[in-house]
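*Asks:* next come a sequence and a model predicted from it.
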Amino acid sequence: MPSLRDLKRRIRSVEGIRQITRAMQMVSVTKLHRAQMRIEAARPYTEKMDEMLSHLSEAVKTGVVHHPLLLPREKVQRVMILAVASSKGLCGSFNANLIRSVENRANELKRDGIEVLLFPIGKKLHDFYRRRGRDCHPESINYRNIDQQLPLELLHNLTYQCTKGFESGEVDKVELIYTEFRSAIQYKVVQRQFIPIVGLVPAESDEDKRETSRDYIFEPDPDGLFSLLIPKYARVVIFRMLAESFASEHGARMNAMRNATENAVEMIRELTLQRNKARQAAITKELAEIVGGAEALKG
């Protein structure tokens, strides 16, 4: 059984850890609230952009529009996977779940004979592949620690890297893997096709199918309209991906720190009980020695 001094030292240590985890939990709560408000404000806009471009992209099938980001390749030989993890730890299984999804998708593509180009965002994901000697996109080193305020420059640069790789023929498809925020205690790793931009929102009924397949009259010309909308849509998709991932990260860290705080409280309770037992045993031993000494003096 540990000594009384060791138990007191362990209690002080766990109390210090509890204060740290409690503070980190409160910080994550504040950051999560801001990130959640940002997502709730952005989702209606991004969903409407998805719906609008889904309808307008039907014009590609009629040969009206020839925007390069809307035209799928006849044969897919190389795919870029843009994945977002966190730059910091202490967020539970957040990074492990995302890494597992990226690895599963990469292995699936390789089994089909497709080459994979990884574009990791976030220090944890980047370091995971660096330690294993995996080749990544050369520009990904610039996104190990990204600004969670999502400045326009960051969105422009990431969008440019994806569109440039597709338009230049370096890759034939760009896919996104990130965590979608559901609630403060729930998130889900999702995978979606980013480029080429086709079939964004599938029609759910015959009426919807007729709606999306009808002819459109464009003003100005279709090429000019799509040249304006497609870059904006690409930046919106990147913005939503990063915003969803950051909110999920804060939610995961909040839950992890809350669990750590509760575990610390439970550990302090158990250690305090052990300390009281040890102190009681020490007092009982001293009393027994005193009584034994007194009896010896009488005899």
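*Replies:* Thanks, I have the structure now. Predicted model only: the values in this text are computed from it and were never measured.
*Asks:* following the helix or strand harbouring Ile20, which helix or strand comes up?
*Replies:* Ile20 is part of helix 4-56 when elements are defined by DSSP states H and E. Following helix 4-56 in sequence order, the next helix or strand is strand 78-84 (DSSP H and E).
*Asks:* put the alpha carbons of the very next helix or strand once past that following strand into PDB.
*Replies:* Going down the chain from strand 78-84, the next helix or strand is helix 94-111, by DSSP H and E. Output of helix 94-111 as PDB, limited to C-alpha atoms (Å, rounded to 0.1, in the frame of the first residue of the first chain):
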ATOM      1  CA  PHE A  94     -11.000  12.500 -33.800                       C
ATOM      2  CA  ASN A  95      -7.700  12.100 -35.700                       C
ATOM      3  CA  ALA A  96      -7.700   8.300 -35.500                       C
ATOM      4  CA  ASN A  97     -11.100   8.000 -37.100                       C
ATOM      5  CA  LEU A  98     -10.200  10.300 -39.900                       C
ATOM      6  CA  ILE A  99      -6.800   8.600 -40.600                       C
ATOM      7  CA  ARG A 100      -8.600   5.300 -40.700                       C
ATOM      8  CA  SER A 101     -11.000   6.600 -43.300                       C
ATOM      9  CA  VAL A 102      -8.300   8.100 -45.500                       C
ATOM     10  CA  GLU A 103      -6.300   4.800 -45.300                       C
ATOM     11  CA  ASN A 104      -9.300   2.700 -46.200                       C
ATOM     12  CA  ARG A 105     -10.200   4.900 -49.200                       C
ATOM     13  CA  ALA A 106      -6.600   5.100 -50.400                       C
ATOM     14  CA  ASN A 107      -6.300   1.300 -50.200                       C
ATOM     15  CA  GLU A 108      -9.600   0.900 -52.100                       C
ATOM     16  CA  LEU A 109      -8.400   3.100 -54.900                       C
ATOM     17  CA  LYS A 110      -5.000   1.300 -55.100                       C
ATOM     18  CA  ARG A 111      -6.800  -2.100 -55.400                       C
END
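*Asks:* quick one, helix 94-111 and strand 78-84 angle?
*Replies:* Orientation note: helix 94-111 sits at an angle of 170 degrees relative to strand 78-84 (axes from the mean of the first three to the mean of the last three C-alpha atoms, to 10 degrees).
*Asks:* buried residues, the helix or strand just after helix 94-111. List them.
*Replies:* Downstream of helix 94-111, the first helix or strand assigned by DSSP H and E is strand 115-121. Of all the residues in strand 115-121, those buried under the rule 16 or more other C-beta atoms under 10 Å are 116-121. Every residue, glycine included, has its C-beta placed from N, CA and C.
*Asks:* kindly report the same for stretch 157-164.
*Replies:* Those would be 158-159, 161-163, for stretch 157-164 by 16+ other C-beta under 10 Å.
*Asks:* same check, this time on stretch 251-269
*Replies:* Applying 16+ other C-beta under 10 Å to stretch 251-269 flags 251-258, 260-261, 264, 267-268 as buried.
*Asks:* ok, residues contacting it?
*Replies:* With C-beta atoms under 8 Å, 6 or more residues apart in numbering as the contact definition, stretch 251-269 has outside contacts at 11, 14-15, 17-18, 21-22, 24-25, 28-29, 32, 88, 90-94, 181, 183-187.
*Asks:* try stretch 271-278
*Replies:* By C-beta under 8 Å, 6+ apart, stretch 271-278 touches 1-4, 7-8, 10-11, 14.
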